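Peer 1: Provide a 3D model corresponding to the input given below.
(chains A and B)
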Amino acid sequence: MAIDRTLYREVPATGALWGAGLLLAAFLVAGLASFLYVEHHGHVVTGMTNQVVWGMPHVFAIFLIVAASGALNVASMASVFDKVAYKPLSRLSGILAISLLAGGLLVLVLDLGRPDRLLVQLTHFNFSSIFTWNILLYSGFIAVVAVYLWVQMDRTVHPKWTKPAGVLAFVWRLALTTGTGSIFGWLVARPGYDAAIMAPLFIAMSFALGLAVYVLVLQALCALSGRALGPERVSGMIRLLGLFVAAVLYFTAVQHLTNLYAMEHKGFERFILMDGGVYTTLFWGVQVLLGGLVPLAMIYAGKASRPVMPTLVSALVILGGLAQIYVIVIGGQVYPMELFPGYSVSSDFFDGAIAAYTPSLPEILLGLGGVAFALVATGVGAKVLRVLPSNLSDSNPVTKG
Amino acid sequence: MSCGAKKDVSRRDFLRSGAALATMQLAPGVTLMAFGGSEAQAAADAGKRWGLLIDASKCAPDCNACITACQDENGWKGSGNAETDVQWIRKVTLKDKSSGRETSLPVMCQHCESPPCVDVCPTGASFKRKDGIVLVDKHICIGCRYCMMACPFKARSFVHEHVTNQKTHAPRGIGTVESCTLCVHRVDEGRIPACVEACEATGHGAMVFGDLLDPESEISRRLAEYPSVALRPDLDLNPGVRYREI
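Peer 2: Presented below is the predicted three-dimensional model:
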């Protein structure tokens, strides 16, 4: 059996690994300092206002949460879709998924107006709120993936349980991303949201972002710990990433074309697609071009064999994903709600006006702190658990399985 | 308030109300216990639905009496930063795109029968009293701001800064969300909201407060007599605040 040749071992404590850990620790400290600064002064020191109530921390948090469910795809490919080549990569996928979700939730909680009331949230549930359902979906995801990991790693558990655990985790992650997309999809008040397509759009985004993050983390871990990583194994994932990037572009196109057909949404669409300044630039320039069309061209123009290509493609997809979430979260808020159709409105409270928002340093550092937390947790996981095979070179027979 | 409403109070609600009362007595003026869900519910009368009727034709463009009265009554005057200052009630100027006709009117929490803020609140801090007044329970608001994302009327504000000189009947707290309470503390004493009182004092009389369920109330009679509209009628939220002559 070729699979038996895969030996999972804890990553060695190389100097490079410690160096990366220290760098991430610096971001963790900066994130913690930002949290304390905002907690002390209030959100007045952030770029957020009573017009833009969710800012950069939400962009990072949603990115991490969406990527978390997508990072589990690699394990799903092995367990649910029986792609044997992905099996050695499966355990790391679970660790990364849990870590990314924890990082995202950390940012969300620390950006609350009253983070000290976390216990209140955990003891008061309003089941008509998709937030409440997401709390259950998120904590359930961590539990389900933990069981999935245990089933894979405990030699006393019969391998026949891997597939049921994998299917459960796969279905759960679809529900989780549906819940995350529905945070926006179910907001009837705002023209930029209120669309059922938000759920499948977020699922497509999670497939793309999660896989892109996985590729970068796998490459970094292997490089830092001195382990071989076969280019063919990585380029296989990158070809799959191309499919996911195309799916994101497809759902994005349907989202905007549907809105354009409705007269009531034309103002918002004109803002995002034509007149929105930074939001229009981010949409076309970063989300669609750099994060979508350029990676697709690189993947399908036969450049897949170039060594740096997978890293570059993954980085571009992540950049495009961040831009997309920024346009959805911030762009959807800065555009004014229409309380009085047929009238132009004005007030001291910015009615009828495009709201201004500039992310502040504490917000960005808090978000990066969440990213650092997710990466540190993944690294610690790979250091103390046997999740990463010692040999991932293309010569390992598993790749041909 | 009716005895019937009080009979509905469960033993748990009663104990929680007692604890809230005790806290107020121990530390008056600094507690955030007011507007606790059960306490506020206990004071509400399920047989009433409080509402406002605003006549835009009587609302003078340069008059801010309702806003000033609300600020004085509830102690939410801003610190001069318009973007982050809270705004329980604001004056909005409308200009008809085709005719150019201008109208001015106040907008505040519309106290919806089906409030989106209540639906989305993860902890249940946003709640609607039995008499239709929508409030924030300051005990359990975690400051997630999802209600602000969901409110179609931009009626809610997040407290971005430390607050001082709070009113004991309208406690506020940094990091929580707040909005028009329809002066619930006055309503429970049989008085009318401060904004309505101030509007009457100016002689404009653009605001009428009353029980929408009582066909003999002035607000019900006026609503029956003249055409009126709800904001965002497409959302079918049945707000307690109605407008005429927009």
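
Peer 1: Let me know how buried the closest residue to residue A:87 other than its chain neighbours is, in neighbour terms.
Peer 2: Using Cβ to Cβ, 6 or more residues apart in numbering or on different chains and skipping the chain neighbours, the partner closest in space to residue A:87 is residue A:78 (4.2 Å). Glycine gets a C-beta too; all of them are placed from N, C-alpha and C. Residues lying near residue A:78 (other Cβ atoms under 10 Å in any protein chain shown) number 23.

Peer 1: Confirm residue A:78 sits in a strand?
Peer 2: No - assigned with DSSP: H, G, I helix; E, B strand; the rest coil, residue A:78 falls outside any strand and is helix.

Peer 1: List the contacts of it.
Peer 2: A:84, A:86-87, A:89-90, A:166 (Cβ atoms under 8 Å, 6 or more residues apart in numbering or on different chains).

Peer 1: just the helices in the stretch 1-150 of chain A please.
Peer 2: Per DSSP state H, counting those that start in this stretch, the stretch 1-150 of chain A carries helices over the ranges A:15-41, A:56-71, A:73-79, A:90-110, A:118-123, A:130-153.

Peer 1: And for chain B?
Peer 2: Secondary structure of chain B (DSSP state H): helices at B:3-7, B:11-26, B:37-43, B:65-74, B:116-120, B:146-150, B:184-187, B:194-202, B:218-225.

Peer 1: Chain B versus residue A:338, what's the distance?
Peer 2: Distance of residue A:338 to chain B, computed by Cβ to the nearest Cβ, to the nearest Å: 8 Å.

Peer 1: what sits against that residue?
Peer 2: Here residue A:338 is in contact with A:191, A:264, A:267 (Cβ under 8 Å, 6+ apart).

Peer 1: one step back: what's the most buried one of the helices of the stretch 1-150 of chain A?
Peer 2: Mean neighbours per residue, mean count of other Cβ atoms under 10 Å in any protein chain shown, is largest over the helices of the stretch 1-150 of chain A for helix A:56-71, with a mean of 28.

Peer 1: so it versus helix A:90-110, what angle?
Peer 2: Using axes from the mean of the first three to the mean of the last three Cα atoms, to 10 degrees, the direction of helix A:56-71 lies 160 degrees away from that of helix A:90-110.

Peer 1: and helix A:56-71, C-alpha only, in PDB?
Peer 2: Extracted in PDB, the C-alpha atoms of helix A:56-71 (Å, rounded to 0.1, in the frame of the first residue of the first chain):
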ATOM      1  CA  MET A  56     -11.400  46.500   8.900                       C
ATOM      2  CA  PRO A  57     -11.600  44.000  11.800                       C
ATOM      3  CA  HIS A  58     -14.700  42.500  10.200                       C
ATOM      4  CA  VAL A  59     -13.000  42.300   6.800                       C
ATOM      5  CA  PHE A  60     -10.200  40.300   8.400                       C
ATOM      6  CA  ALA A  61     -12.500  38.200  10.600                       C
ATOM      7  CA  ILE A  62     -14.800  37.300   7.700                       C
ATOM      8  CA  PHE A  63     -11.800  36.500   5.500                       C
ATOM      9  CA  LEU A  64     -10.400  34.200   8.200                       C
ATOM     10  CA  ILE A  65     -13.800  32.500   8.800                       C
ATOM     11  CA  VAL A  66     -14.500  32.000   5.100                       C
ATOM     12  CA  ALA A  67     -11.000  30.700   4.500                       C
ATOM     13  CA  ALA A  68     -11.300  28.400   7.500                       C
ATOM     14  CA  SER A  69     -14.100  26.400   5.900                       C
ATOM     15  CA  GLY A  70     -12.300  26.400   2.600                       C
ATOM     16  CA  ALA A  71      -9.100  25.200   4.100                       C
END
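
Peer 1: Is chain B within reach of it?
Peer 2: No - judged by Cβ under 8 Å from any Cβ of the partner chain, helix A:56-71 and chain B are separated, with a smallest distance of 9.3 Å.

Peer 1: Report the spatially closest residue to the closest residue to chain A within chain B, excluding sequence-adjacent ones.
Peer 2: Of all residues in chain B, residue B:143 sits closest to chain A, at 1.8 Å by Cβ to the nearest Cβ. Leaving aside its sequence neighbours, residue B:143 sits nearest to residue A:113 (Cβ to Cβ, 6+ apart; 1.8 Å).

Peer 1: Was I right to think that neighbour contacts residue A:46?
Peer 2: No - the pair residue A:113 / residue A:46 is not scored as a contact, 11.2 Å apart, by Cβ atoms under 8 Å.

Peer 1: So what's the residue count around residue A:358?
Peer 2: By other Cβ under 10 Å, 11 other residues sit near residue A:358.

Peer 1: cool, and residue A:243?
Peer 2: Using other Cβ under 10 Å, the number of residues around residue A:243 comes to 14.

Peer 1: if we can go back for a sec, list the residues that contact the residue nearest to residue B:143.
Peer 2: Counting by Cβ under 8 Å, 6+ apart, residue A:113 has contacts A:43, B:141-145, B:158-159, B:174-177.

Peer 1: Could you dump those residues into a markdown table and include neighbour count, distance to residue A:151 and pLDDT?
Peer 2: Compiled in a markdown table, the contacts of residue A:113 are given as follows (neighbours: other Cβ atoms under 10 Å in any protein chain shown; distance: Cβ to Cβ, whole Å; pLDDT from 0 to 100):
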| residue | neighbour count | distance to residue A:151 | pLDDT |
| --- | --- | --- | --- |
| A:43 | 28 | 43 | 98 |
| B:141 | 29 | 41 | 97 |
| B:142 | 26 | 35 | 97 |
| B:143 | 21 | 39 | 98 |
| B:144 | 27 | 35 | 98 |
| B:145 | 24 | 39 | 98 |
| B:158 | 25 | 44 | 98 |
| B:159 | 24 | 47 | 97 |
| B:174 | 18 | 46 | 96 |
| B:175 | 22 | 42 | 97 |
| B:176 | 24 | 43 | 98 |
| B:177 | 28 | 43 | 98 |
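
Peer 1: got those as TSV, with distance to residue B:107 columns?
Peer 2: Supplementary listing: those in TSV, determined by distance: Cβ to Cβ, whole Å:
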residue	distance to residue B:107
A:43	23
B:141	22
B:142	26
B:143	23
B:144	23
B:145	19
B:158	17
B:159	20
B:174	25
B:175	25
B:176	21
B:177	17
